[in-house]
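Peer 1: need coordinates for the following:
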Amino acid sequence: MGPDLKAPKKHDFKQWKKVILLAKNGVCFYSYSGNPGPFPKNIGEVPRFLDERRLKLRTGGKILLDKIKNSQCRAR
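Peer 2: Presented below is the predicted three-dimensional model:
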């Protein structure tokens with residue numbers, strides 16, 4: 001998970017749910033691991049954090065592939 005993970009209290013189920021959701025989406029808890037700024041404070045901030053992270057992690061190849069897929073979908 002990484003050394004920057006601040007484990008929630010044992011019975012703080014909302015925060016544990018947030019940690020699990022982040023981990024399932026490939027988030028590593030390191031000072032710098034391609035994350036867009038600070039980690040979300042609550043579960044409500046997770047979707048935006050993940051969207052920003054996905055945008056940041058997209059490479060030129062992935063962007064080109066998305067454009068090709070989108071153009072093929074419109075052509076049908």
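
Peer 1: state the distance from the residue nearest to the spatial centre of the chain to residue 11.
Peer 2: Residue closest to the average C-alpha location in the chain (CA atoms, centre = their mean): residue 50, at 3.0 Å. Relative to residue 11, residue 50 is positioned 25 Å away (CB to CB, to the nearest Å). The way it works is simple: take the backbone N, C-alpha and C, and place the C-beta from them, glycine included.

Peer 1: and residue 7, how far is that from residue 63?
Peer 2: 36 Å.

Peer 1: let me redo that: residue 48
Peer 2: Taking CB to CB, one finds residue 48 at 20 Å from residue 63.

Peer 1: equivalent analysis for residue 10, please.
Peer 2: Distance, residue 10 to residue 63, using CB to CB: 43 Å.

Peer 1: so the two - more neighbours on which side?
Peer 2: residue 63 (11 against 7; other CB atoms under 10 Å).

Peer 1: contact partners for that one?
Peer 2: Counting by CB atoms under 8 Å, 6 or more residues apart in numbering, residue 63 makes contact with nothing.

Peer 1: secondary structure element holding it?
Peer 2: Element membership of residue 63 [criterion: DSSP states H and E] is helix 60-75.

Peer 1: again with residue 22
Peer 2: helix 13-24.

Peer 1: show me which residues of that helix are buried.
Peer 2: Across helix 13-24, burial judged by 16 or more other CB atoms under 10 Å covers 15, 18, 19, 21, 22.

Peer 1: same list (these) but as CSV, adding pLDDT and distance to residue 69.
Peer 2: Output for those, formatted as CSV (pLDDT from 0 to 100; distance: CB to CB, whole Å):
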residue, pLDDT, distance to residue 69
15, 93, 37
18, 94, 31
19, 92, 33
21, 94, 27
22, 92, 27
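
Peer 1: shaky segments in this structure?
Peer 2: For the chain, the stretches flagged by pLDDT under 70 are 31-37, 60, 72-76.

Peer 1: just the buried residues of stretch 24-31, please?
Peer 2: Burial within stretch 24-31, assessed by neighbour count using 16+ other CB under 10 Å, is assigned to 27, 29.

Peer 1: got the contact list for it?
Peer 2: 1, 2, 3, 4, 5, 33, 35, 39, 50, 53.
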